[in-house]
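[1] what shape does this take:
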Amino acid sequence: MATENIEIRGLYKIFGKKAKSYVDAVRNGMSKQELQEQHGHVLGLKDINLTMPAGSIQVVMGLSGSGKSTLIRHINRLIDPTVGEVLVDGDDVCKMGTRALRQFRRHKTAMVFQKFALLPHRTVIDNVVYGLELQGVDKARQQEAGRRWIDRVGLSGFEDNYPNQLSGGMQQRVGLARALTNDAPILLMDEAFSALDPLIRTDMQSVLLELQAELKKTVVFITHDLDEALRLGDRIAILRDGEIVQEGTGQDIVLRPADDYIESFVKEVNRGRVILVESVMQSGEAANASLELKQNTQLEDAARSMTQAGTDVANVIGKDGQCCGHIQMGAVVSAMVRQDDEGPARQASSL
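    From the prediction side, this is the model:
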């Protein structure tokens, strides 16, 4: 399955009749509030520069009004930018003509919405194959693909049901199956699990991770929930007032929050489920230890394994299968416990 990388360059979105005339003012420091109060225009996005590697899950998160949903809608150009580029494998989506854009949307991208967006008069199977109908795929292939993905998301036996006969979680599985049936390399998920109950939401996250491990699509996932972002994202971009405040891996953000705004997001995070052994190990020679841990082991699992083994030290095994250092229980505990009287920089340096 081919995948596509996405690169966003210098993207601005200003809502209003004279949007382009205010780009320079925003570049020169005009705030979102000033733009609204003085000129009656709304700043949606400001100077977004973001590379989303092919085959990975890029999470974009932020509070309501931060611009995250506006950003994802630029990738398939449901929203046109004021200025900037959205490159998919080098092709600028913002410059595509009507026909090229239609083909791009049908064959390169699929979208899963928060509100499910199922057609109420169509059965599950008919909803799932809707995109293939638009592509002109023959009926037999539609049915084969649709039933295969319905089975993969755990809905076999519900093909002939209508959306109003399904729970919210089941409806979202239909939405995911529909997106996967299109066989598009880019999967756009806008608050896809936010409307679900917590247990169902966790279950859907697991379904997505299992499928992604196999399919390696380029996934852009929008959420306002940091725990969800940390569980799903290979990389996370946090937005505030249309700007990227910090972008990096979950470990980067938890260990080195860029400012007080990010610090407020991460202060309640279970660090033991985010930070990996490789971040706190002592690189170099092996220790005199019987226990071995992989470098990508979560600290919570490392502490459990060391406790069960009755040891306070373990050797760390790298991706090549060779020992690349060791880790002590004291370092594990220190990294897992957040010190409230320490600032982000001091916490990071201590690790």
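[2] flag the shaky bits of the stretch 1-150 of the chain, pLDDT-wise.
    Applying pLDDT under 70 to the stretch 1-150 of the chain flags residues 1-3.
[3] please enumerate the strands of it.
    Assigned by DSSP state E, counting those that start in this stretch, the strands in the stretch 1-150 of the chain fall at 6-15, 42-52, 57-61, 83-88, 91-92, 109-113.
[4] between the ones you listed, which gets nearest to residue 320?
    Among the strands of the stretch 1-150 of the chain, strand 57-61 comes nearest to residue 320, with 25.0 Å by Cβ to Cβ. The C-beta positions use only the backbone N, C-alpha and C, and glycine is treated the same way.
[5] paired strands for that closest one, with orientation please.
    Strand 57-61 has the following sheet partners, assigned by DSSP bridges: strand 218-223 (parallel), strand 235-240 (parallel).
[6] buried deepest among those strands, which one?
    strand 218-223 (a mean of 25; mean count of other Cβ atoms under 10 Å).
[7] coming back round to it: okay, the strands paired with strand 57-61 in CSV with distance to residue 28 next?
    Below are the strands paired with strand 57-61 laid out as CSV (distance: least, Cβ to Cβ, whole Å):
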stretch, distance to residue 28
strand 218-223, 29
strand 235-240, 19
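[8] possible to save those strands as a markdown table with distance to residue 105 and mean pLDDT?
    As requested, the strands paired with strand 57-61 are arranged in a markdown table below (distance: least, Cβ to Cβ, whole Å; pLDDT from 0 to 100):
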| stretch | distance to residue 105 | mean pLDDT |
| --- | --- | --- |
| strand 218-223 | 14 | 96 |
| strand 235-240 | 23 | 96 |
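[9] and these: which comes nearest residue 281?
    strand 235-240 (22.2 Å).
[10] run through who's touching that closest one.
    Residues from elsewhere that reach strand 235-240, judged by Cβ atoms under 8 Å, 6 or more residues apart in numbering: 50, 52-53, 56-63, 66-68, 71, 229-230, 244-250, 253, 261-262, 265.
[11] just the buried ones from those?
    50, 52, 56-62, 66-68, 71, 229-230, 244-250, 253, 262, 265 (16 or more other Cβ atoms under 10 Å).
[12] ok, back up a step: residue 115 is nearest to which of the strands paired with strand 57-61?
    Among the strands paired with strand 57-61, strand 218-223 comes nearest to residue 115, with 13.2 Å by Cβ to Cβ.
[13] now the element after that closest one, going C-ward?
    Counting by DSSP states H and E, the next helix or strand C-terminal to strand 218-223 is helix 226-232.
[14] so for that next one, mean pLDDT?
    Helix 226-232 carries an average pLDDT of 93.
[15] for it, enumerate the helices and strands it packs against.
    For helix 226-232, the packing partners by 3 or more Cβ pairs under 8 Å, 6 or more residues apart in numbering; DSSP states H and E come out as strand 57-61, helix 198-215, strand 218-223, helix 250-255.
[16] can you list the buried residues in it?
    226, 228-232.
[17] ditto for stretch 192-205
    192-193, 195-196, 200-201, 203-205.
[18] ditto for stretch 92-107
    Result for stretch 92-107 [16+ other Cβ under 10 Å]: buried residues 93-94, 96, 104-106.
[19] pull the most distant pair out of those residues.
    Going by Cβ to Cβ, the pair spanning the buried residues of stretch 92-107 furthest: 94 and 106, at 18.0 Å.
[20] what sits against the spatially closest residue to residue 53 that is not a sequence neighbour?
    Counting by Cβ to Cβ, 6 or more residues apart in numbering, residue 53 lies nearest to residue 5, which is 5.6 Å off, once chain neighbours are set aside. By Cβ under 8 Å, 6+ apart, the residues touching residue 5 are 51-54, 88-89, 218.
[21] for residue 182, see how far away residue 5 is.
    The gap separating residue 5 from residue 182 is 19 Å, by Cβ to Cβ, to the nearest Å.
[22] phi, psi for residue 282 please.
    For residue 282, the backbone dihedrals are phi -100, psi 110 (criterion: degrees, to the nearest 10).
[23] my guess is it contacts residue 326, does it?
    Yes: between residue 282 and residue 326 there is a contact at 5.7 Å, judged by Cβ atoms under 8 Å.
[24] spatially central residue in the protein, please.
    Centrality entry for the chain: nearest residue to the mean C-alpha point is residue 59, 2.3 Å, by Cα atoms, centre = their mean.
[25] for beta bridges, what are the partners of that one?
    residue 221, residue 236.
[26] my read: it touches residue 224, true?
    No: using Cβ under 8 Å, residue 59 is not in contact with residue 224; the gap is 10.8 Å.
[27] who are the neighbours of whatever helix or strand residue 175 lives in, in terms of helices and strands?
    If you go by DSSP H and E, residue 175 is part of helix 168-181. Counting by 3+ Cβ pairs under 8 Å, 6+ apart, the packing neighbours recorded for helix 168-181 are strand 109-113, helix 124-128, helix 130-135, helix 139-152, helix 198-215.
[28] what stretches of the stretch 151-300 of the chain score poorly on pLDDT?
    For the stretch 151-300 of the chain, applying pLDDT under 70 flags no range at all.
[29] now do the SS call for residue 319.
    State at residue 319, reduced to three classes by DSSP: H, G, I helix; E, B strand; the rest coil: coil.
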